[in-house]
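*Asks:* 3D, please:
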Amino acid sequence: MNYIEFIIFYIIMPAIQTIKETNVRKTSFAILSVLVALSCFSCMPEIQPILKPRTVSIDQRIAEQEKWLNQYIADKTIPAPKAKILRNKVEKIKAKYKKLQAAGKLTPEQSRSINKMLDDTSDQIFRSTKKQKKAIP
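*Replies:* Here you go, the predicted structure:
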């Protein structure tokens with residue numbers, strides 16, 4: 001049995017079972033046990049890569065969205081008019097990013113703005129594929 005299984009089966013699971021009871025003292029002890037277990041998890045080398053947020057560059061995100069659009073157009077998952085609109089949005093984001101890069105260093109605020117636009121476009125791509133799948137019997 002490794003550390004993760006030990007913590008899950010001997011600390012977290014009994015704590016969760018105790019939380020279901022109404023005894024305040026036992027519940028507070030159970031919550032404390034869960035917090036200690038989670039802090040132990042965060043120190044383990046097996047868990048650290050999971051907790052570390054993945055960093056993806058803006059260039060990679062733009063390329064990924066272009067790849068998705070090309071794939072969905074080829075599969076006919078997204079209708080052509082909607083794909084054209086989404087592709088134009090990605091191209092505008094790409095042009096804005098290149099313009100800001102050419103002007104000098106990209107500020108954190110500008111980076112957040114571009115990432116927000118990429119998040120919105122990604123959501124629209126995802127929603128478009130879901131709508132199209134629902135429409136196909």
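*Asks:* And residue 93, how close does it get to residue 36?
*Replies:* Taken as Cβ to Cβ, to the nearest Å, the spacing of residue 93 relative to residue 36 amounts to 44 Å. C-beta: built from backbone N, CA, C; applies to glycine.
*Asks:* and those two? which has more neighbours close in?
*Replies:* Set side by side, residue 93 and residue 36 give different neighbour counts by other Cβ atoms under 10 Å, the larger being at residue 93 (21 against 14).
*Asks:* Check which helix or strand the closest residue to the more buried one other than its chain neighbours maps to.
*Replies:* Once flanking residues are discounted, residue 93 sits nearest to residue 117: 5.1 Å by Cβ to Cβ, 6 or more residues apart in numbering. Under the criterion of DSSP states H and E, residue 117 resides in helix 108-135.
*Asks:* From the contact counts, what lies against that helix?
*Replies:* Other elements packing on helix 108-135 under the criterion 3 or more Cβ pairs under 8 Å, 6 or more residues apart in numbering; DSSP states H and E are helix 58-75, helix 80-103.
*Asks:* so can I have JSON lines of these showing distance to residue 130?
*Replies:* Listed next are those as JSON lines, based on distance: least, Cβ to Cβ, whole Å:
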{"stretch": "helix 58-75", "distance to residue 130": "11"}
{"stretch": "helix 80-103", "distance to residue 130": "12"}
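*Asks:* mind checking which of those helices is nearest residue 128?
*Replies:* Residue 128 lies closest, by Cβ to Cβ, to one member of the helices and strands packed on helix 108-135: helix 80-103, at 5.3 Å.
*Asks:* For the closest one, could you pull out the residues that count as buried?
*Replies:* When neighbours are counted by 16 or more other Cβ atoms under 10 Å, the buried residues of helix 80-103 are found to be 82-83, 86-87, 89-90, 93-94, 97, 100.
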